[in-house]
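Enquirer: With the input below, show me the fold.
(2 chains)
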Amino acid sequence: NAGVTQTPKFQVLKTGQSMTLQCAQDMNHNSMYWYRQDPGMGLRLIYYSASEGTTDKGEVPNGYNVSRLNKREFSLRLESAAPSQTSVYFCASSPTGFYGYTFGSGTRLTVV
Amino acid sequence: GDSVTQMEGPVTLSEEAFLTINCTYTATGYPSLFWYVQYPGEGLQLLLKATKADDKGSNKGFEATYRKETTSFHLEKGSVQVSDSAVYFCALSNNNDMRFGAGTRLTVKP
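Expert: All right, here's what the predicted structure looks like:
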């Protein structure tokens, strides 16, 4: 089915390790987003890409980097994981914000 | 900046009860308004939306009306089912910047 695919679904890292979360969409959407979801704090925007070739910081970008590899793919990298980055990470895409977002099923990350 | 405030949960209802989840917003200009639903272990799904004042969004028996005079977008359903148990998020989009409320957990008991 068409939509947003995130990998992996679960991951456990040790403090200081690095990893990349992958996201791909097949709806030809221009904009893509990375959010983290923490209990009691709703969704917070980490980074977004309004169009291929552009990326911008969101509300909580520290400790993360992103790459918009092409129109379909938008990856999120943790260079040196910290316990504070334990969270559920969601990728989303949209033709524009006017239409609402399509979300992936999430990556549950635990940093020990 | 733009923001969304929704009623705190959790909300617990019996099957077939009437549901209201309040949502108010603060924004410049004319944002689009949304309700998303998140079932356990899944991502958010768009439930309904409204793009201008007095528009009513509806889907799966849920509805919400864009009230500019009260800056509100309350979610309602006339008769909830156990399968409606989920977390509901109100959101607004202004100039491609989506802001989410904190979410309201709904539990429906048989």
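Enquirer: Return the distance of the lowest-mean-pLDDT helix or strand in chain A from the chain's centre.
Expert: In chain A, no helix or strand scores lower on mean pLDDT, DSSP states H and E than strand A:42-49, which sits at a mean of 92. Distance of strand A:42-49 from the chain centroid (C-alpha atoms, centre = their mean, to the nearest Å) equals 7 Å.
Enquirer: which helices and strands does that strand pack with?
Expert: If contacts are counted by 3 or more C-beta pairs under 8 Å, 6 or more residues apart in numbering or on different chains; DSSP states H and E, strand A:42-49 sits against strand A:31-38, strand A:56-57, strand A:64-68, strand A:74-78, strand B:97-100. Every residue, glycine included, has its C-beta placed from N, CA and C.
Enquirer: what is the mean pLDDT for the longest strand anywhere in chain B?
Expert: When chain B is parsed with DSSP state E, its longest strand is strand B:86-94. For strand B:86-94, mean pLDDT is 94.
Enquirer: Any residue of it touching chain A?
Expert: Yes: for strand B:86-94, a contact with chain A is found by C-beta under 8 Å from any C-beta of the partner chain, at B:Phe89, B:Ser93, B:Asn94.
Enquirer: between these, which is nearest chain A?
Expert: Nearest to chain A among these is B:Ser93, at 3.8 Å by C-beta to the nearest C-beta.
Enquirer: For the closest one, give the beta-bridge partners.
Expert: For B:Ser93, the beta-bridge partners under DSSP bridges are B:Ser32, B:Met98.
Enquirer: again with B:Thr26
Expert: B:Ser3.
Enquirer: quick one: contacts for it?
Expert: Going by C-beta atoms under 8 Å, 6 or more residues apart in numbering or on different chains, B:Thr26 touches B:Asp2, B:Ser3, B:Val4, B:Thr5, B:Thr71.
Enquirer: just A:Thr55 next, same as before
Expert: Contacts for A:Thr55 (C-beta under 8 Å, 6+ apart) come out as A:Tyr47, A:Tyr48, A:Ser49, A:Val66, A:Ser67, A:Arg68.
Enquirer: and the two most separated of those?
Expert: Maximum pairwise distance among the contacts of A:Thr55 (C-beta to C-beta): 12.8 Å, between A:Tyr48 and A:Ser67.
Enquirer: who has more neighbours, these two?
Expert: Between A:Tyr48 and A:Ser67, A:Tyr48 has the larger neighbour count (other C-beta atoms under 10 Å in any protein chain shown), namely 25 against 14.
Enquirer: Near the closest residue in space to the more buried one that isn't next to it in sequence, how many other residues are there?
Expert: Spatial nearest neighbour of A:Tyr48, excluding adjacent residues (C-beta to C-beta, 6 or more residues apart in numbering or on different chains): A:Tyr33 at 4.5 Å. By other C-beta under 10 Å, the residues close to A:Tyr33 number 26.
Enquirer: just A:Tyr47 next, same as before
Expert: A:Tyr47 has 22 nearby residues by other C-beta under 10 Å.
Enquirer: Test my guess that it contacts A:Gly58.
Expert: Yes: shown here, A:Tyr47 and A:Gly58 form a contact pair, counting by C-beta atoms under 8 Å, at 5.5 Å.
Enquirer: shared neighbours of these two, which are they?
Expert: Residues touching both A:Tyr47 and A:Gly58 by C-beta under 8 Å, 6+ apart: A:Tyr33, A:Trp34.
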